[in-house]
Each structure stands twice: as structure tokens, then as C-alpha cells.
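Asks: how would this look folded up:
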Amino acid sequence: MAKPRVGFLGVGWIGRHRMQAIVETGAVEVAAVADPSAEMVAQAAKLAPDARRLTTLAELLALDLDGIVIASPSALHADQSIEALRGGAAVFCQKPLGRTAAEVRAVVDAARAADRLLAVDLSYRFTHGMRRIRDLLAAGELGRIYAVDLVFHNAYGPDKAWFYDPALSGGGCVMDLGVHLVDLALWALGFPEVGEVSASLFAAGEPLSGRSLVEDYAVATIQLDSGTALRLACSWKLQAGCDAVISAAFYGTQGGAALRNVGGSFYDFTAERYRGTAGETLAAPPDEWGGRAAADWATRLAAGERFDPEAERLVDVARVLDRIYGR
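Replies: Residues are numbered from 1 along each chain as shown. Modelled structure (predicted):
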């Protein structure tokens, strides 16, 4: 049986990293890479020397590919995903899939109509630590979860200008980092119904007003219909004394569990279970989790999977982001 033929649109650092993870599965054939930058295409071609070297999505679609991996700027994600899906290709897209819930809804509808596999690079789901925590939650071992604390502070804001243009990015640190936190919490809890959402957004230390800037600090409270309270904080360029502070902590009537980064690392995580003042390690570094979401999509594509109704959950997460932004 022939392997699915896959193309890569956008092969900067993140695009190449996900490309490598997919190549290492051996599940698909890398048919082409496309990027406006000839230098980026040349770098990507080292991972797949036989791949066609192209520039645009239109050129990729002309090859009648089975799947396309999208790692372009956020403003392009929704339209490019829809175009690829309507062209008959499955899609793996970087987050955010869309700048608003309406954009995400349109992509999911396109995937359903085309009956094509759609996935987004929500990579923290694939850490060993979060998998262990989710298993504990599903088994009810922590009792009734009543509080979830979510944090993602990044000392280095993005290095591309479009991130700071709300029309192009859809938002600031919430769209960039908070999407992971909201997704992790809802995914781990089985996607419960969301009740009230309130938030405060800041830019350069001042409350955000108007739509000409994006937030670089945000705090939000998300109340679930079950009564569980989620507290979220995320930021760019926060002076926190280290590169990053990342955590997702779940507190229940019979215990707690948390995923936390180690020593300010963006990549190394521990997961612990808590019983009163005692702790038990669930997972620890090393854990090469960064490319697992991409590899999972490639493997499922090779297995012949089509539209997965779980893609609807992407809309649930996007709706929470819209409410944080007051949209």
C-alpha cells in the first residue's frame, strides 16, 4: 500500500521541527515543501532531499496531495486550511487554527464536508505528564475537581512583527500561549460545559483599551457549569527571573496533580500527584514531546482515518478565547 503523499507549507523553525517528527514516523512520503523563503525551503529539503521545492499553497495543491502541514503566520491558517481541505487534502495546522471562533468553525465545517482528517498542533497534550494527569482525572482518583490553576509566562515575546498586529494575530499572549492552557484544562477534564468567563488584559503594564494593540499580560477566570473554577495567567516578556513559567495544576477533594516546567525550561516538565503535604512523581524529563502531535496526525493519516468529530473541540476552545477577549 502506497504511503500518503504530504506537503509542508511554511518551513521555518517550527515547520521544520514538525516535519522532522513526521519524517521519523516513516508513515508518509514527503512530496513537497513550500515557503516564500528559498533559504527555508533549502533547509527543509535536507530532511527530504527528493521533495519538490515550491513557494505557494496553490503549487502544493496542484500535486493532488493526501495531506498538508501548515506552519504559516496565524492570519493565514483558516483560509489556507479550508483551501487545502476543499482541495482534498487532510490538514495538520499550527495553532491557532483561526483568529476567532467563527474562523475555527469554518475550518472544522470544511473538514467535515470534505471528510478529511484535521488536527492542530496542541502539543502539550502529548507530554507524558499530562497524559498521566488526564488518566488520574478520568479515573476519578483526585475526587471532584473544584480548582484548576493555569500559567504560561514567556520571558521573550515573539520575534515577528505580525504577532503584535491584532488584525494579523487575532490577539496577543492569550492567542499565542493561553490557547494551550485552555485546551489542556478542557481536554483533561473531558470538555465540560463552560459558564461565566471574565478577564483583564494588559499591554506594556497598562489595561488594554481599543484594538490597536495586543495584550502582553492576561488573567482570566473561567467558571465551569460543574462549579469548577479555572484561573489562567499568561504573558510575554514578564520579568519572572527565568525563561518561562509553565504549569497546569488540578485540585480535587481527594488530591491534586500538576504539570510544571523545570528550571525555567520551555521543554522539560515534571508531573506530580499530591496527597496533602506529600508528593509523588508521575513523569520526569527527558520526554521528547514536541513533535508528537504532528507524528500522531501522520500515523492516523497513513491508517486511512478521515474526519474525526473530536475536531469540534477546537471550536469549544476558540469560543473560550473569544470570551476572554470580550468578543
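Asks: neighbouring contacts of the strand or helix carrying residue 103?
Replies: Secondary-structure assignment from DSSP states H and E places residue 103 in helix 101-114. Contact partners of helix 101-114, identified using C-beta atoms under 8 Å, 6 or more residues apart in numbering, comprise 77-78, 81-82, 85-86, 88, 91, 93, 96-98, 117-118, 307, 311-312, 314-315, 318-319, 321-322, 327. Placement of C-beta: from N, CA and C, glycine included.
Asks: Just the buried residues of the residues you listed.
Replies: Applying 16 or more other C-beta atoms under 10 Å to the contacts of helix 101-114, the neighbour count classes 77-78, 81-82, 85, 91, 93, 96-98, 117-118, 307, 311, 314-315, 318-319, 321-322 as buried.
Asks: circling back to that earlier point, ok, and for the helix holding residue 103, which residues are buried?
Replies: Quick answer for helix 101-114 (16+ other C-beta under 10 Å): 101, 103-108, 110-112, 114.
Asks: Max pairwise distance over those residues: which two?
Replies: By the measure C-beta to C-beta, these have their two most distant members at 101 and 114, which lie 20.3 Å apart.
Asks: how about the residue nearest the centre of the chain, what does it touch?
Replies: Averaging the C-alpha coordinates of the chain gives a centre point, and the residue nearest to it by C-alpha atoms, centre = their mean is residue 122 (2.7 Å). Contacts for residue 122 (C-beta under 8 Å, 6+ apart) come out as 95, 179-180, 183-184, 187, 293.
Asks: Of these, which is the nearest to residue 47?
Replies: Distance ranking of those against residue 47, using C-beta to C-beta, places residue 293 first at 17.8 Å.
Asks: next SSE after the helix or strand that contains the closest one?
Replies: If you go by DSSP H and E, residue 293 is part of helix 292-302. For helix 292-302, the succeeding helix or strand toward the C-terminus, using DSSP H and E, is helix 312-324.
Asks: name the helices or strands packed onto that following helix?
Replies: Helices and strands in packing contact with helix 312-324 are listed as helix 101-114, helix 179-188, strand 194-203, strand 217-224; criterion 3 or more C-beta pairs under 8 Å, 6 or more residues apart in numbering; DSSP states H and E.
Asks: which residues are contacting the shortest one?
Replies: Counting by C-beta under 8 Å, 6+ apart, the neighbours of strand 217-224 from elsewhere in the structure are 172-174, 178, 182, 185, 189, 192-203, 205, 229-236, 238, 320, 324.
Asks: Now, of these, which are buried?
Replies: 172-174, 178, 182, 185, 189, 194, 197, 199, 201-203, 229-230, 232-236, 238, 320, 324.
Asks: how far away is residue 189 from residue 252?
Replies: Between residue 189 and residue 252 the computed distance is 11 Å (C-beta to C-beta, to the nearest Å).
Asks: joint contacts of those two?
Replies: residue 145.
Asks: So which bits of stretch 215-224 are buried?
Replies: 215-218, 220, 222, 224.
Asks: Would you mind giving these as CSV with distance to residue 13 and pLDDT added?
Replies: Output for those, formatted as CSV (distance: C-beta to C-beta, whole Å; pLDDT from 0 to 100):
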residue, distance to residue 13, pLDDT
215, 24, 98
216, 22, 98
217, 25, 98
218, 25, 98
220, 29, 98
222, 31, 98
224, 36, 98
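Asks: Of these, which pair is most distant in space?
Replies: Considering C-beta to C-beta, no two members of the buried residues of stretch 215-224 lie farther apart than 216 and 224, which are separated by 27.1 Å.
Asks: Can you verify my assumption that residue 59 contacts residue 36?
Replies: No - counting by C-beta atoms under 8 Å, residue 59 stays clear of residue 36, with 11.6 Å between them.
Asks: hey, where'd the helices end up in the stretch 51-200 of the chain?
Replies: Under the criterion DSSP state H, counting those that start in this stretch, helices of the stretch 51-200 of the chain are mapped to 57-61, 74-86, 101-114, 128-138, 166-169, 173, 179-188.
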